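Student: Okay, structure incoming, though there's no sequence with it:
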(Lines give C-alpha, C1' and ligand atoms only; values in the text may rest on other atoms or scores of the structure.)
Protein backbone atom coordinates (compact mmCIF):
# COMPACT_ATOMS: atom_id res chain seq x y z
CA UNK A 1 0.00 0.00 0.00
CA UNK A 2 1.28 3.47 -0.91
CA UNK A 3 0.59 6.03 1.82
CA UNK A 4 0.07 9.70 0.96
CA UNK A 5 1.91 11.59 3.71
CA UNK A 6 0.69 15.16 4.23
CA UNK A 7 2.64 18.00 5.80
CA UNK A 8 1.45 20.15 8.72
CA UNK A 9 -0.42 22.72 6.60
CA UNK A 10 -1.96 20.09 4.32
CA UNK A 11 -3.35 18.24 7.34
CA UNK A 12 -5.02 21.45 8.53
CA UNK A 13 -6.44 22.06 5.04
CA UNK A 14 -7.90 18.55 4.95
CA UNK A 15 -9.49 18.93 8.40
CA UNK A 16 -11.06 22.25 7.43
CA UNK A 17 -12.44 20.71 4.25
CA UNK A 18 -14.36 17.83 5.86
CA UNK A 19 -14.26 18.20 9.65
CA UNK A 20 -17.83 19.46 10.16
CA UNK A 21 -19.29 16.20 8.86
CA UNK A 22 -16.51 13.62 8.50
CA UNK A 23 -14.02 12.99 11.32
CA UNK A 24 -10.38 12.80 10.16
CA UNK A 25 -8.00 10.83 12.35
CA UNK A 26 -4.40 11.84 11.63
CA UNK A 27 -1.92 8.97 11.94
CA UNK A 28 1.82 9.54 12.26
CA UNK A 29 4.88 8.50 14.22
CA UNK A 30 5.61 10.08 17.65
CA UNK A 31 6.70 13.68 18.12
CA UNK A 32 6.24 15.01 14.58
CA UNK A 33 3.77 17.80 15.36
CA UNK A 34 0.32 16.22 14.97
CA UNK A 35 -0.99 17.93 18.11
CA UNK A 36 0.30 21.34 16.97
CA UNK A 37 -2.20 21.28 14.09
CA UNK A 38 -4.83 22.21 16.70
CA UNK A 39 -2.97 25.46 17.39
CA UNK A 40 -3.00 26.27 13.66
CA UNK A 41 -6.74 25.52 13.43
CA UNK A 42 -7.40 27.74 16.45
CA UNK A 43 -5.60 30.62 14.74
CA UNK A 44 -7.53 30.10 11.52
CA UNK A 45 -10.95 29.63 13.13
CA UNK A 46 -11.36 32.79 15.17
CA UNK A 47 -15.06 32.20 15.86
CA UNK A 48 -14.58 28.62 17.05
CA UNK A 49 -13.85 27.44 20.58
CA UNK A 50 -10.82 25.09 20.61
CA UNK A 51 -11.19 22.03 22.86
CA UNK A 52 -8.50 19.45 23.57
CA UNK A 53 -9.43 15.93 24.67
CA UNK A 54 -6.67 13.72 26.09
CA UNK A 55 -8.33 10.48 25.08
CA UNK A 56 -6.23 7.88 26.98
CA UNK A 57 -6.95 9.67 30.26
CA UNK A 58 -10.69 10.26 29.79
CA UNK A 59 -13.45 8.45 31.61
CA UNK A 60 -16.96 8.26 30.17
CA UNK A 61 -18.20 10.59 32.89
CA UNK A 62 -16.20 13.45 31.42
CA UNK A 63 -18.46 13.39 28.35
CA UNK A 64 -21.90 11.87 28.84
CA UNK A 65 -23.53 9.24 31.03
CA UNK A 66 -26.85 8.21 32.59
CA UNK A 67 -27.22 9.12 36.26
CA UNK A 68 -30.16 9.04 38.74
CA UNK A 69 -31.72 12.39 39.56
CA UNK A 70 -31.40 13.05 43.32
CA UNK A 71 -34.98 14.25 43.75
CA UNK A 72 -37.04 12.22 41.28
CA UNK A 73 -34.76 9.15 41.35
CA UNK A 74 -35.32 8.86 37.61
CA UNK A 75 -32.43 8.04 35.32
CA UNK A 76 -31.43 11.20 33.47
CA UNK A 77 -28.75 11.89 30.92
CA UNK A 78 -25.83 13.90 32.20
CA UNK A 79 -23.56 15.76 29.79
CA UNK A 80 -20.16 16.75 31.10
CA UNK A 81 -18.77 20.28 30.89
CA UNK A 82 -15.60 19.25 29.05
CA UNK A 83 -17.07 20.17 25.65
CA UNK A 84 -18.49 23.49 26.94
CA UNK A 85 -21.90 22.81 25.41
CA UNK A 86 -23.46 25.67 27.35
CA UNK A 87 -21.40 27.97 25.13
CA UNK A 88 -23.11 28.51 21.73
CA UNK A 89 -19.87 28.95 19.78
CA UNK A 90 -18.96 26.19 17.30
CA UNK A 91 -16.15 23.95 18.54
CA UNK A 92 -12.96 22.62 17.02
CA UNK A 93 -12.49 19.45 19.05
CA UNK A 94 -9.23 17.54 18.95
CA UNK A 95 -9.30 13.93 20.19
CA UNK A 96 -5.60 13.42 20.91
CA UNK A 97 -4.26 9.86 20.94
CA UNK A 98 -7.71 8.74 19.83
CA UNK A 99 -6.71 5.14 19.24
CA UNK A 100 -5.50 4.79 22.85
CA UNK A 101 -8.81 5.69 24.50
CA UNK A 102 -10.36 3.21 26.97
CA UNK A 103 -12.71 0.68 25.39
CA UNK A 104 -15.61 1.95 27.50
CA UNK A 105 -15.38 5.32 25.72
CA UNK A 106 -15.86 3.95 22.22
CA UNK A 107 -19.70 4.10 22.09
CA UNK A 108 -19.86 7.70 23.34
CA UNK A 109 -16.96 8.90 21.21
CA UNK A 110 -18.27 7.13 18.12
CA UNK A 111 -21.47 9.16 18.39
CA UNK A 112 -19.37 12.31 18.75
CA UNK A 113 -17.43 11.40 15.60
CA UNK A 114 -20.37 10.24 13.50
CA UNK A 115 -23.35 12.29 14.71
CA UNK A 116 -21.69 15.39 16.18
CA UNK A 117 -23.47 14.82 19.49
CA UNK A 118 -22.32 14.32 23.05
CA UNK A 119 -24.87 11.83 24.29
CA UNK A 120 -28.07 13.30 22.90
CA UNK A 121 -26.86 16.90 22.94
CA UNK A 122 -25.87 18.21 19.52
CA UNK A 123 -22.69 20.20 19.03
CA UNK A 124 -23.21 23.79 17.82
CA UNK A 125 -23.58 24.04 14.05
CA UNK A 126 -20.25 24.29 12.24
CA UNK A 127 -18.29 22.36 14.88
CA UNK A 128 -15.26 20.42 13.70
CA UNK A 129 -14.11 17.13 15.22
CA UNK A 130 -10.78 15.48 14.44
CA UNK A 131 -8.19 13.31 16.14
CA UNK A 132 -4.66 11.97 16.18
CA UNK A 133 -3.11 8.55 16.53
CA UNK A 134 0.22 6.84 16.26
CA UNK A 135 0.76 4.43 13.40
CA UNK A 136 -0.16 0.86 14.26
CA UNK A 137 3.36 -0.06 13.13
CA UNK A 138 4.76 2.17 15.89
CA UNK A 139 3.94 -0.60 18.36
CA UNK A 140 2.39 1.75 20.92
CA UNK A 141 -0.93 0.00 21.33
CA UNK A 142 -3.09 2.10 19.00
CA UNK A 143 -6.38 0.40 18.12
CA UNK A 144 -9.76 1.47 16.76
CA UNK A 145 -12.79 -0.74 16.31
CA UNK A 146 -13.48 -1.73 12.70
CA UNK A 147 -16.94 -0.13 12.64
CA UNK A 148 -15.39 3.18 13.77
CA UNK A 149 -12.54 3.05 11.26
CA UNK A 150 -15.01 2.38 8.47
CA UNK A 151 -16.87 5.61 9.22
CA UNK A 152 -14.01 8.07 9.66
CA UNK A 153 -11.34 9.51 7.35
CA UNK A 154 -7.80 8.23 7.91
CA UNK A 155 -5.03 10.72 7.09
CA UNK A 156 -1.27 10.31 7.43
CA UNK A 157 1.12 13.04 8.51
CA UNK A 158 4.75 12.77 7.47
CA UNK A 159 7.81 13.71 9.46
CA UNK A 160 9.30 17.07 8.35
CA UNK A 161 12.73 16.90 6.77
CA UNK A 162 15.66 18.81 8.27
CA UNK A 163 15.23 21.84 5.98
CA UNK A 164 11.50 22.19 6.68
CA UNK A 165 12.05 21.80 10.40
CA UNK A 166 14.93 24.27 10.37
CA UNK A 167 12.70 26.97 8.89
CA UNK A 168 9.98 26.24 11.46
CA UNK A 169 12.53 26.27 14.28
CA UNK A 170 13.82 29.65 13.12
CA UNK A 171 10.31 31.07 13.38
CA UNK A 172 9.71 29.78 16.91
CA UNK A 173 13.04 30.83 18.43
CA UNK A 174 15.07 27.62 18.48
CA UNK A 175 18.77 28.47 18.90
CA UNK A 176 21.10 28.84 15.94
CA UNK A 177 23.29 26.13 17.47
CA UNK A 178 20.56 23.51 17.38
CA UNK A 179 19.40 24.57 13.91
CA UNK A 180 22.97 24.33 12.60
CA UNK A 181 23.45 20.84 14.01
CA UNK A 182 20.15 19.85 12.42
CA UNK A 183 21.14 21.29 9.02
CA UNK A 184 24.46 19.44 9.10
CA UNK A 185 22.88 16.15 10.19
CA UNK A 186 19.74 15.81 8.04
CA UNK A 187 19.50 12.08 8.71
CA UNK A 188 18.29 12.82 12.26
CA UNK A 189 14.92 13.67 10.66
CA UNK A 190 14.69 10.51 8.59
CA UNK A 191 11.65 8.34 9.25
CA UNK A 192 11.59 4.61 9.89
CA UNK A 193 8.59 4.53 7.54
CA UNK A 194 10.63 5.65 4.53
CA UNK A 195 14.20 4.53 5.35
CA UNK A 196 15.78 1.58 3.62
CA UNK A 197 16.64 -1.33 5.95
CA UNK A 198 20.33 -0.36 5.87
CA UNK A 199 19.59 3.31 6.59
CA UNK A 200 17.44 2.35 9.55
CA UNK A 201 20.02 -0.11 10.88
CA UNK A 202 22.73 2.58 10.82
CA UNK A 203 20.64 5.37 12.33
CA UNK A 204 20.40 4.96 16.13
CA UNK A 205 19.08 8.50 16.59
CA UNK A 206 15.55 8.23 15.16
CA UNK A 207 12.48 6.37 16.40
CA UNK A 208 12.67 2.69 15.48
CA UNK A 209 9.81 0.52 16.80
CA UNK A 210 11.92 -2.62 16.38
CA UNK A 211 14.39 -1.39 19.01
CA UNK A 212 11.89 -0.48 21.75
CA UNK A 213 13.81 2.71 22.63
CA UNK A 214 12.93 4.70 25.72
CA UNK A 215 14.33 7.93 24.23
CA UNK A 216 14.87 9.04 20.64
CA UNK A 217 15.02 12.25 18.61
CA UNK A 218 11.85 13.84 17.24
CA UNK A 219 10.98 17.44 16.28
CA UNK A 220 9.25 17.71 19.65
CA UNK A 221 12.08 16.30 21.77
CA UNK A 222 14.74 18.37 19.99
CA UNK A 223 12.73 21.53 20.63
CA UNK A 224 12.48 20.62 24.31
CA UNK A 225 16.21 19.88 24.48
CA UNK A 226 17.05 23.23 22.91
CA UNK A 227 14.84 25.22 25.26
CA UNK A 228 15.84 23.45 28.46
CA UNK A 229 19.41 22.30 27.86
CA UNK A 230 21.22 23.82 24.86
CA UNK A 231 20.26 27.39 25.75
CA UNK A 232 21.39 26.79 29.35
CA UNK A 233 24.54 24.82 28.47
CA UNK A 234 27.05 27.35 29.87
CA UNK A 235 25.20 27.53 33.19
CA UNK A 236 25.06 23.79 33.78
CA UNK A 237 27.67 21.40 35.13
CA UNK A 238 28.87 19.35 32.09
CA UNK A 239 27.73 16.02 33.52
CA UNK A 240 24.30 17.46 34.33
CA UNK A 241 23.96 19.08 30.89
CA UNK A 242 24.81 15.86 29.11
CA UNK A 243 22.50 13.75 31.30
CA UNK A 244 19.63 16.12 30.57
CA UNK A 245 20.36 16.04 26.86
CA UNK A 246 20.52 12.24 26.72
CA UNK A 247 17.38 11.98 28.81
CA UNK A 248 15.50 14.16 26.34
CA UNK A 249 16.72 13.13 22.87
CA UNK A 250 18.47 9.82 23.52
CA UNK A 251 22.10 8.81 23.97
CA UNK A 252 23.10 8.72 20.28
CA UNK A 253 21.73 12.18 19.50
CA UNK A 254 23.15 13.59 22.74
CA UNK A 255 26.66 12.39 21.90
CA UNK A 256 26.53 14.11 18.50
CA UNK A 257 24.97 17.37 19.68
CA UNK A 258 27.17 17.66 22.80
CA UNK A 259 30.31 17.29 20.65
CA UNK A 260 29.02 20.01 18.33
CA UNK A 261 28.14 22.69 20.90
CA UNK A 262 31.72 23.80 21.83
CA UNK A 263 32.27 24.76 18.19
CA UNK A 264 30.21 27.90 18.86
CA UNK A 265 33.24 29.62 20.40
CA UNK A 266 34.95 29.68 16.98
CA UNK A 267 32.33 31.74 15.15
CA UNK A 268 33.10 35.24 13.88
CA UNK A 269 30.78 37.97 15.23
CA UNK A 270 27.95 38.94 12.90
CA UNK A 271 28.76 42.62 13.42
CA UNK A 272 32.29 42.13 12.04
CA UNK A 273 30.95 40.43 8.92
CA UNK A 274 28.42 43.17 8.20
CA UNK A 275 30.96 45.95 8.79
CA UNK A 276 33.64 44.44 6.53
CA UNK A 277 32.18 41.71 4.29
CA UNK A 278 35.10 41.67 1.83
CA UNK A 279 37.92 41.46 4.35
CA UNK A 280 36.56 39.63 7.42
CA UNK A 281 38.11 36.18 7.76
CA UNK A 282 36.08 33.19 6.60
CA UNK A 283 36.29 30.28 9.06
CA UNK A 284 38.08 27.13 7.95
CA UNK A 285 35.48 24.79 9.43
CA UNK A 286 32.27 24.43 7.44
CA UNK A 287 30.34 23.85 10.67
CA UNK A 288 31.31 27.29 11.95
CA UNK A 289 30.10 28.96 8.76
CA UNK A 290 26.85 26.98 8.96
CA UNK A 291 26.36 28.38 12.47
CA UNK A 292 27.11 31.92 11.32
CA UNK A 293 24.46 31.57 8.60
CA UNK A 294 21.86 30.48 11.14
CA UNK A 295 22.76 33.35 13.46
CA UNK A 296 22.59 35.86 10.60
CA UNK A 297 18.93 34.97 9.99
CA UNK A 298 18.28 35.86 13.64
CA UNK A 299 20.16 39.18 13.43
CA UNK A 300 19.66 40.71 9.96
CA UNK A 301 17.62 43.91 10.25
CA UNK A 302 18.11 45.83 6.98
CA UNK A 303 18.65 45.36 3.24
CA UNK A 304 22.27 46.43 3.72
CA UNK A 305 22.77 43.75 6.38
CA UNK A 306 21.50 41.09 3.99
CA UNK A 307 23.49 42.32 0.98
CA UNK A 308 26.68 42.52 3.00
CA UNK A 309 26.23 39.05 4.41
CA UNK A 310 25.62 37.66 0.91
CA UNK A 311 28.83 39.36 -0.27
CA UNK A 312 30.68 37.65 2.55
CA UNK A 313 29.19 34.24 1.75
CA UNK A 314 29.98 34.51 -1.94
CA UNK A 315 33.67 34.68 -1.10
CA UNK A 316 33.40 31.05 0.04
CA UNK A 317 32.69 30.08 -3.57
CA UNK A 318 30.20 27.38 -2.59
CA UNK A 319 26.60 27.12 -3.75
CA UNK A 320 25.81 24.97 -0.73
CA UNK A 321 26.25 27.81 1.76
CA UNK A 322 24.50 30.37 -0.44
CA UNK A 323 21.52 28.03 -0.96
CA UNK A 324 21.26 27.37 2.77
CA UNK A 325 21.24 31.07 3.57
CA UNK A 326 18.68 31.90 0.86
CA UNK A 327 16.41 29.06 1.99
CA UNK A 328 16.56 30.13 5.63
CA UNK A 329 16.13 33.84 4.82
CA UNK A 330 13.10 33.19 2.61
CA UNK A 331 11.54 30.87 5.19
CA UNK A 332 12.03 32.94 8.35
CA UNK A 333 9.20 35.34 9.12
CA UNK A 334 11.54 38.10 10.28
CA UNK A 335 13.67 38.15 7.09
CA UNK A 336 11.36 37.02 4.30
CA UNK A 337 10.29 40.54 3.25
CA UNK A 338 13.88 41.73 3.00
CA UNK A 339 14.90 38.56 1.17
CA UNK A 340 12.14 38.87 -1.42
CA UNK A 341 13.39 42.34 -2.36
CA UNK A 342 17.05 41.35 -2.60
CA UNK A 343 18.21 41.27 -6.22
CA UNK A 344 20.61 38.34 -5.74
CA UNK A 345 17.99 36.20 -4.00
CA UNK A 346 15.35 37.06 -6.62
CA UNK A 347 17.74 35.95 -9.36
CA UNK A 348 18.59 32.75 -7.48
CA UNK A 349 14.91 31.79 -7.01
CA UNK A 350 14.37 32.00 -10.79
CA UNK A 351 16.97 29.29 -11.43
CA UNK A 352 15.18 25.99 -12.27
CA UNK A 353 14.87 23.83 -9.15
CA UNK A 354 15.56 26.56 -6.62
CA UNK A 355 11.96 27.81 -6.42
CA UNK A 356 10.85 24.37 -5.23
CA UNK A 357 13.43 24.44 -2.41
CA UNK A 358 11.74 27.37 -0.70
CA UNK A 359 8.11 26.45 -1.40
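Tutor: That came in fine, so what should we check first? Treat the numbers as computed from the prediction; the structure is a model and nothing was measured.
Student: Quick one: residues in contact with stretch 235-253.
Tutor: 188, 204-205, 213, 215-217, 221-222, 224-225, 228-230, 232-233, 254-255, 257-258 (CB atoms under 8 Å, 6 or more residues apart in numbering). Bear in mind the C-beta positions are built from the backbone N, C-alpha and C, glycine included.
Student: buried stuff in it?
Tutor: The neighbour-count check on stretch 235-253 (16 or more other CB atoms under 10 Å) flags 241-242, 244-246, 248-253 as buried.
Student: Let's have the residues you listed in TSV, adding pLDDT.
Tutor: As requested, those are arranged in TSV below (pLDDT from 0 to 100):
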residue	pLDDT
241	97
242	97
244	98
245	97
246	97
248	97
249	97
250	96
251	95
252	95
253	97
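Student: Greatest separation within the residues you listed: which pair is it?
Tutor: 241 and 252 (16.7 Å; CB to CB).
Student: residue ranges for the strands of the stretch 51-200 of the chain, please.
Tutor: Ranges of strands in the stretch 51-200 of the chain, per DSSP state E, counting those that start in this stretch, are 64-68, 75-79, 91-96, 117-118, 121-122, 128-133, 153-157.
Student: Number of residues surrounding residue 182?
Tutor: For residue 182, the count of nearby residues is 23 (other CB atoms under 10 Å).
Student: what about the closest residue to residue 4 other than its chain neighbours, neighbour count?
Tutor: Using CB to CB, 6 or more residues apart in numbering and skipping the chain neighbours, the partner closest in space to residue 4 is residue 156 (6.5 Å). The local packing of residue 156 (other CB under 10 Å) involves 16 other residues.
Student: How about residue 141?
Tutor: 11.
Student: Read off the pLDDT value for it.
Tutor: We have a pLDDT of 75 for residue 141.
Student: ok now do it, which residues does it touch?
Tutor: By CB under 8 Å, 6+ apart, the neighbours of residue 141 are residue 100.
Student: Number of residues surrounding residue 132?
Tutor: Residue 132: 25 surrounding residues under other CB under 10 Å.
Student: low-scoring pLDDT stretches of the stretch 101-250 of the chain, where are they?
Tutor: For the stretch 101-250 of the chain, no stretch is flagged by pLDDT under 70.
Student: Now do the helices in it.
Tutor: 106-115, 146-149, 162-171, 176-184, 197-201, 219-228, 238-249 (DSSP state H, counting those that start in this stretch).
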